[in-house]
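Enquirer: Dropping the sequence and predicted coords here.
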Protein chains: 2
Amino acid sequence: MNRILDTINSSKDLKNLSKNELTRLCKEIREQLLIYLSQTGGHVGSNLAMIETTVALHYLYDSPIDKIIFDVSHQCYTHKLLTDRKKAYIDPNQYTSVTGFTNPKESEHDIFAIGHTSTAISLACGLAKARDIKKEKYNIIAIVGDGALSGGEAFEGLNNAATFNSQMLIIINDNDMSIAENHGGLYQNLKLLRKTEGKAECNFFKSLGFDYYFVKNGNQLYDLFDTFSIVKNIKKPVIVHICTKKGKGYELAEKYQEDWHYMNPFHINTGTLIQQSNDNETYENLTRDFLVEEMRKDSSIIAVTAGTPKIFGFNKQLREEFSKQFVDVGIAEEHAIAFISGIAKNGGKPIFGVSSSFLQRTYDQLSQDLALNHSPAVILIYFSGISQGSQTHMGIFDIALTRSIPELSYLAPTCQEEYLQMLKWGLEQTIGPVIIRVPGIYITNRDVQLLPDYHYVQYEIVNQGSQIAIITLGNFLELGMKIKEELEKTKNIIPTLINPRFVNDYDEKTLNHLKSNHQLVITLEDGVIDGGFGEKITRFYSDSDMKVLCFGAKKEFVDHKTIEEQYQRNHLTDQQIILDILSIL
Amino acid sequence: MNRILDTINSSKDLKNLSKNELTRLCKEIREQLLIYLSQTGGHVGSNLAMIETTVALHYLYDSPIDKIIFDVSHQCYTHKLLTDRKKAYIDPNQYTSVTGFTNPKESEHDIFAIGHTSTAISLACGLAKARDIKKEKYNIIAIVGDGALSGGEAFEGLNNAATFNSQMLIIINDNDMSIAENHGGLYQNLKLLRKTEGKAECNFFKSLGFDYYFVKNGNQLYDLFDTFSIVKNIKKPVIVHICTKKGKGYELAEKYQEDWHYMNPFHINTGTLIQQSNDNETYENLTRDFLVEEMRKDSSIIAVTAGTPKIFGFNKQLREEFSKQFVDVGIAEEHAIAFISGIAKNGGKPIFGVSSSFLQRTYDQLSQDLALNHSPAVILIYFSGISQGSQTHMGIFDIALTRSIPELSYLAPTCQEEYLQMLKWGLEQTIGPVIIRVPGIYITNRDVQLLPDYHYVQYEIVNQGSQIAIITLGNFLELGMKIKEELEKTKNIIPTLINPRFVNDYDEKTLNHLKSNHQLVITLEDGVIDGGFGEKITRFYSDSDMKVLCFGAKKEFVDHKTIEEQYQRNHLTDQQIILDILSIL
């Protein structure tokens, strides 16, 4: 039998199908996406869960006139497949022609580039406002997962959306999971609503003023048709609360939902990874082992995550063992920072782990809730630096983001030994907040000079030379070493190599001392140059004869380029840097 | 009759009073605070509203063992007066010994320094977590205004608080007002709860899992006693929803609640200001007049505020006239940025006005929701630069905050003419987001060279000289002119004076050209130096012989110091700068 999928080229083609055929199409899409996901990796759980909803929406509504916004866009594969990008999910040669997120550059059906959670309702409010003021008539639809509802921006959006006197459909895709389990009072209400099939009087959404509809089986196409057909004509904001199953149709993903939220390429039959990684040698696991040991000894250590418990390497078993000392606050980074400030203020020892990209949500909390209050909390920044990932998950901004905040220590360890020393010190000190930039994914070791107390700023002279000083931040020490060796070997120059340890502070003695027998300082940082560490060094020397060259990332959004390509573009290969050095000397 | 107030020296003294005496004390505090407020200025409305609640709490609980957190702390005067700082509210010579916000440096009864809204519940969660892990027994109480509930951080806090299995009291002080009227679906629920005296089944707080109590008259001491006495023994999170009257006891403040949210010193009898200011000459009113004219001509212009409509000079009458084009989203800065991105994406022309200090809430939204999506929206930053205000409302961070975000234009006009030109251009252009730094409170004028299109970076040469170039950002042009004149007069040096117009971009031609006959560049900016504009200039010249000196604000929290004192401390007086210049030449 020929596949219906093969006859579909755009969402318009769905209109000609019978409901039976649409059901068959969902099955075919599920099979196809599973093949695709198994070969490329990606967000398995949410994409398999949202096939029926997406097909129903594209059947009943007219994208792109009607505008569908996918929150965080982890669930957009079916949408992309149905909107002019089918080959990207079928033809292995075209897999890389699309990203895993919605992106207006790919299609007019993607309204926004989205990769951070909890934004879709607010964005949809803006679309609706412009539509109404221009007196245009079409539908605006935001699709939001239950996990995203804990984020403040989602609530702010709901609060404003409820005041509109015009059409806005907000679909709450409730699979009873965030990346891991959900956390927060709201989820008891969702549970109650599931249990009562939406009939409970005490209803979070109704309390905000929304019309509310419940769909018990959100993986059942006909049920979705029934409800969407009703709400389509309602000229005010409506919540449709649909229950779906994360990983729907792939047994392993249904059973182990947290593991299958995102998966690298895998064998469909067994679910095993195609490329096994050596997980033991990561900073995640190093941190886990350290924390487990310390938390057993000291019950006042409290590890906090905002919806990403795996960042600490804490699986479900460990989370249960440390149920009092391990707190997942849900996707709520702002709250997490204020929360650790409160813990620290009252004598606890909080440690919060967060991706560089999601730290972006917390500037004001870092400043007002934490630093202004001198709360001794530790924050670990993961996934910082240039990476191959999405433009929505870049890790290059954390230094520039935090550098202007007073009373905030920011340390950049270069290896395992230094990382652990800073971590221990950070938890024990009682002066104020300390951020530590986790130096990459995989552990490196070296013979490092440790400090007993990181309140006294002192840079590490890794190699004493002359003429040129290379100051390398954190994980970029390796690059610095390469340049040093190359200069020694080919140019007979023995440069000084410095690990500054401190992102935000000058070691004035060391920096001044360089003036006596160096003529050039180069700074290397795995982050954006604008507002970054290197600029701070240029300011130090700006009234002297010392020349300074800053190397780091250009200020731009970069979408899925290889690291090599980005290093090249940013003049970050050892050869490029050496040429730049020689052009100055 | 002697005042009871005169016999009270600390909150402990309340315990010996009868309830009758406590009622009298409230009256006396109200009279005293009104005198104080009339002489110093301050948050009139909320402080007059919260006298009874604060007295009741200090009578029934034991601060500082029990910990009371005041959200935004606009309502903390009675608390401060009752906790060792009475003289500051009675003796005019001691008025300046306290600030208008809670501050641990003043008293152990103040747990946090707080001035931004929506943080108290999250901070209280942290205190409770540490208390519980240490197995300590005392009460934690967060007091939150209804206006603050629209902020995402408050919701994130509520969502986590509801999961605690231990005492936490959250008092919702509902006076049916934010600074102006409230906005959002939540407020319909508060209205319903007020109408039903807390009995409505559909209850926002209950939906999150809280125990809920309602106090109809939150300015009635006995009613507060009754409810607080019940909830004191409840070992789980409880909401007490109290209804108070903003400005209670001062007729004018009760009647004109928005005007009396914050008031400068006034005559008690008439409510008129002691020092009349010439309001017509402000950038707020200039912006209002511009917007009113443009919005009448073009219905696609939509002005957005996050709870501070007066920032645009829009009073109630104007808000009503432009009910479709003027949107107050409530205290919800994150939402505001995503909202304007959505409006712009769909063909509207949004303009958002916000204080520099509150822009801090929006880094991630500026990056992900707005800049990444190239949405042509205009953001006006008010109250930027060094000011005499609270450490919680500093305006020096906006440049460093935004400088690392790609695809974001940031313009710093120097005068009325340039401001209006940039404003007009910003609304008409369709390339991407534009931030404009409003150049102070009062309008200045000059003979400025305007650009037709601010997508092409070009600095303005205000004066062509040699040897020294002074690059001054925005409102600091005036300081630059003073220095220029002084150098001409006393040192016979004619410096080049440059208005860079662009905060984030180099005019490479101009900067390179300076190399030919200048040996020193100085940068002047009304903002923090770390990560600021000046550092960007030092980087430009870091591989050349040009010397650069950066002038701006030190990276530190500053609490209520005079502007003169801060200029002195930051080396920002013309005389200090000239000495620094001469020491280099």
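Expert: Thanks, I have the structure now. Numbers count the residues shown, from 1 in each chain, chains lettered A, B, ... in the order given.
Enquirer: which SS class is whatever residue of the stretch 251-400 of chain A ends up closest to chain B?
Expert: Residue nearest to chain B within the stretch 251-400 of chain A (CB to the nearest CB): A:Gly342, separated by 1.8 Å. Bear in mind the C-beta positions are built from the backbone N, C-alpha and C, glycine included. Recorded secondary structure, A:Gly342: helix (DSSP: H, G, I helix; E, B strand; the rest coil).
Enquirer: Just give the closest residue to it, not the sequence neighbours.
Expert: Spatially, and ignoring its direct neighbours in sequence, A:Gly342 is nearest to B:Gly126 (1.8 Å; CB to CB, 6 or more residues apart in numbering or on different chains).
Enquirer: Then A:Thr54?
Expert: Nearest non-adjacent residue to A:Thr54, counting by CB to CB, 6+ apart: A:Thr78, 4.0 Å away.
Enquirer: I'd guessed that neighbour sits against A:Ile29; true?
Expert: Yes: between A:Thr78 and A:Ile29 there is a contact at 5.7 Å, judged by CB atoms under 8 Å.
Enquirer: any idea how chain A splits into domains?
Expert: With domains defined by automatic domain parsing, chain A comprises A:5-255, A:279-437, A:460-584.
Enquirer: could you give the mean pLDDT of the second one?
Expert: For domain A:279-437, the mean pLDDT works out to 96.
Enquirer: That domain: how far from the chain's middle?
Expert: 14 Å (CA atoms, centre = their mean, to the nearest Å).
Enquirer: buried ones in the longest strand along chain A?
Expert: Looking across chain A with DSSP state E, the single longest strand is strand A:518-528. For strand A:518-528, the neighbour count (16 or more other CB atoms under 10 Å in any protein chain shown) marks A:518, A:520-528 as buried.
Enquirer: what's the burial count for the residue of the stretch 251-400 of chain A closest to chain B?
Expert: Around A:Gly342 there are 35 other residues, counting by other CB atoms under 10 Å in any protein chain shown.
Enquirer: Verify the stated contact: it with B:Lys129.
Expert: Yes: counting by CB under 8 Å, A:Gly342 does reach B:Lys129; the two are 7.1 Å apart.
Enquirer: give the contact list for the residue nearest to A:Thr54.
Expert: Going by CB atoms under 8 Å, 6 or more residues apart in numbering or on different chains, A:Thr78 touches A:29, A:33, A:47, A:50-51, A:54-55.
Enquirer: Restricted to strands, list those residues.
Expert: Going by DSSP E, the strands hold none of these.
Enquirer: hang on, the earlier thing: quick check: can you name the pairing partners of the longest strand of chain A and their directions?
Expert: strand A:467-472 (parallel), strand A:547-553 (parallel) (DSSP bridges).
Enquirer: Report the next helix or strand after the first one in sequence order.
Expert: Same thing as strand A:467-472. helix A:477-486 (DSSP states H and E).
Enquirer: Which strands or helices does the helix or strand just after that following helix pack on?
Expert: Where DSSP H and E defines the elements, the next helix or strand beyond helix A:477-486 is strand A:496-499. Judged by 3 or more CB pairs under 8 Å, 6 or more residues apart in numbering or on different chains; DSSP states H and E, strand A:496-499 is in contact with strand A:460-463, strand A:467-472, helix A:477-486.
Enquirer: just to revisit the earlier point, intersection of neighbour lists for A:Thr78 and A:Ile29?
Expert: Contacts common to A:Thr78 and A:Ile29, judged by CB under 8 Å, 6+ apart, are A:51, A:55.
Enquirer: could you dump the domains of chain A to a markdown table with distance to B:Ile302?
Expert: Below are the domains of chain A laid out as a markdown table (distance: least, CB to CB, whole Å):
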| stretch | distance to B:Ile302 |
| --- | --- |
| domain A:5-255 | 6 |
| domain A:279-437 | 25 |
| domain A:460-584 | 26 |
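Enquirer: Nearest to B:Ile69 among the ones you listed would be which one?
Expert: Checking the domains of chain A against B:Ile69 by CB to CB gives domain A:279-437 as the closest, at 8.5 Å.
Enquirer: rewinding a little: so what does the residue nearest to A:Thr54 have for phi and psi?
Expert: Per-residue torsions, A:Thr78: phi -60, psi -40 (degrees, to the nearest 10).
Enquirer: if I look at it, how far off is chain B?
Expert: Distance, A:Thr78 to chain B, by CB to the nearest CB, to the nearest Å: 22 Å.
Enquirer: hang on, the earlier thing: and the gap between the residue of the stretch 251-400 of chain A closest to chain B and A:Pro406?
Expert: Distance, A:Gly342 to A:Pro406, by CB to CB, to the nearest Å: 20 Å.
Enquirer: before we move on, what about A:Ile302?
Expert: 25 Å.
Enquirer: tell me the mean pLDDT over stretch A:445-462?
Expert: 97.
Enquirer: what's the span of it from first residue to last?
Expert: Using CA to CA, to the nearest Å, one end of stretch A:445-462 lies 14 Å from the other.
Enquirer: Check which helices and strands the lengthiest helix in chain A is in contact with.
Expert: Looking across chain A with DSSP state H, the single longest helix is helix A:19-40. Identification of packing neighbours for helix A:19-40 by 3+ CB pairs under 8 Å, 6+ apart yields helix A:44-49, helix A:51-60, helix A:77-82, helix A:87-90, helix A:221-231.
Enquirer: where along the stretch 351-500 of chain A do the strands fall?
Expert: A:378-382, A:409-411, A:434-437, A:460-463, A:467-472, A:496-499 (DSSP state E, counting those that start in this stretch).
Enquirer: returning to what we had before: what are the C-alpha coordinates of the longest strand of chain A, in PDB please?
Expert: This file holds the C-alpha atoms of strand A:518-528, laid out as PDB (Å, rounded to 0.1, in the frame of the first residue of the first chain):
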ATOM      1  CA  HIS A 518      56.200  42.200  27.700                       C
ATOM      2  CA  GLN A 519      55.000  44.200  24.800                       C
ATOM      3  CA  LEU A 520      51.800  42.200  23.900                       C
ATOM      4  CA  VAL A 521      49.000  40.600  25.900                       C
ATOM      5  CA  ILE A 522      46.600  38.300  24.200                       C
ATOM      6  CA  THR A 523      43.300  37.200  25.800                       C
ATOM      7  CA  LEU A 524      41.500  34.000  24.900                       C
ATOM      8  CA  GLU A 525      38.000  33.400  26.100                       C
ATOM      9  CA  ASP A 526      35.300  30.900  25.200                       C
ATOM     10  CA  GLY A 527      32.700  33.600  25.100                       C
ATOM     11  CA  VAL A 528      31.500  36.700  23.300                       C
END
